[in-house]
Structure formats: C-alpha cells, structure tokens
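Asks: kindly generate the corresponding structure for this input.
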Amino acid sequence: MDSRMALNALLTSSIDKFVPGMKGSTLANYVVFKGFVKDESGRITGANLYDTIENKEFTVKSKFVVNCGGKEADKIRLNDNQEAEPL
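Replies: Residues are numbered from 1 along each chain as shown. Okay, the predicted model is just below:
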C-alpha cells in the first residue's frame with residue numbers, strides 16, 4: 001500500500017461521524033504493546049500499552065483488535081496464545 005494511501009485511511013478513520021453514528025478511531029505513535037486485556041472467557045477486549053514519549057502506561061478497550069505489528073506481528077500473536085505455532 002502506498003504510504004499516502006495508508007495515511008489517508010488512518011486519518012479518515014479518526015474522524016468522528018465520518019460514518020453516521022460511528023466514533024472515529026484513536027491513533028497513537030511511539031507506543032509499545034505490553035499485553036492483551038481479556039475478559040473472563042479469554043476474549044481480547046483491549047491492550048496494555050506504554051507511551052515512550054510521556055513515559056507512562058495506559059490501557060485501551062476495544063471491540064476488536066487488529067495486529068499491525070509489522071515484523072513483530074508474530075511476537076504479538078504469540079503473546080495471545082503461547083502454544084500457537086510460530087509463522
């Protein structure tokens with residue numbers, strides 16, 4: 001994907017009510033993934049993150065999580081299920 005197209009998709013996704021009735025996404029950079037937040041059934045409901053600029057941890061809640069970890073994507077996937085086969 002062309003970088004301009006990716007930036008356009010990200011910025012568009014952050015606009016509240018771009019799709020009527022929908023909230024926009026929150027974008028973050030310089031953030032390190034620390035671990036998943038799961039409910040009692042084991043379903044992923046968010047993530048614990050670390051802001052390297054502000055030097056503080058925070059948690060985000062989500063209805064779904066997209067793993068866009070690039071070369072670290074498998075490391076993040078295995079964090080969810082350590083018994084999974086590495087890709």
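Asks: mind giving me the packing neighbours of the helix or strand of the chain with the lowest mean pLDDT?
Replies: Every helix and strand in the chain was compared by mean pLDDT, DSSP states H and E; the lowest is helix 73-80, with a mean of 87. Judged by 3 or more CB pairs under 8 Å, 6 or more residues apart in numbering; DSSP states H and E, the packing partners of helix 73-80 are strand 31-38. For the C-beta atoms, the positions are set from N, CA and C on the backbone; glycine is no exception.
Asks: name every strand pairing with the strand it packs on and say which way it goes.
Replies: strand 44-51 (antiparallel) (DSSP bridges).
Asks: only alpha carbons, please: show the following helix or strand past the strand it pairs with as PDB.
Replies: Counting by DSSP states H and E, the element after strand 44-51 in chain order, helix or strand, is strand 56-61. Extracted C-alpha coordinates of strand 56-61, given in PDB (Å, rounded to 0.1, in the frame of the first residue of the first chain):
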ATOM      1  CA  LYS A  56       3.600   6.100  31.100                       C
ATOM      2  CA  GLU A  57       1.400   3.000  30.700                       C
ATOM      3  CA  PHE A  58      -2.200   3.100  29.700                       C
ATOM      4  CA  THR A  59      -4.900   0.700  28.700                       C
ATOM      5  CA  VAL A  60      -7.300   0.800  25.700                       C
ATOM      6  CA  LYS A  61     -10.600  -1.000  25.400                       C
END
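Asks: report the inter-axis angle for strand 56-61 versus strand 31-38.
Replies: 50 degrees (axes from the mean of the first three to the mean of the last three CA atoms, to 10 degrees).
Asks: given strand 56-61, what are its sheet partners and their directions?
Replies: strand 44-51 (antiparallel).
Asks: give me the contacts around the partner strand.
Replies: 28, 30-39, 56-62, 65, 80 (CB atoms under 8 Å, 6 or more residues apart in numbering).
Asks: among those residues, the buried ones, what's the ChimeraX command?
Replies: A single ChimeraX command is used to select the members of those judged buried by 16 or more other CB atoms under 10 Å:
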select :31,36
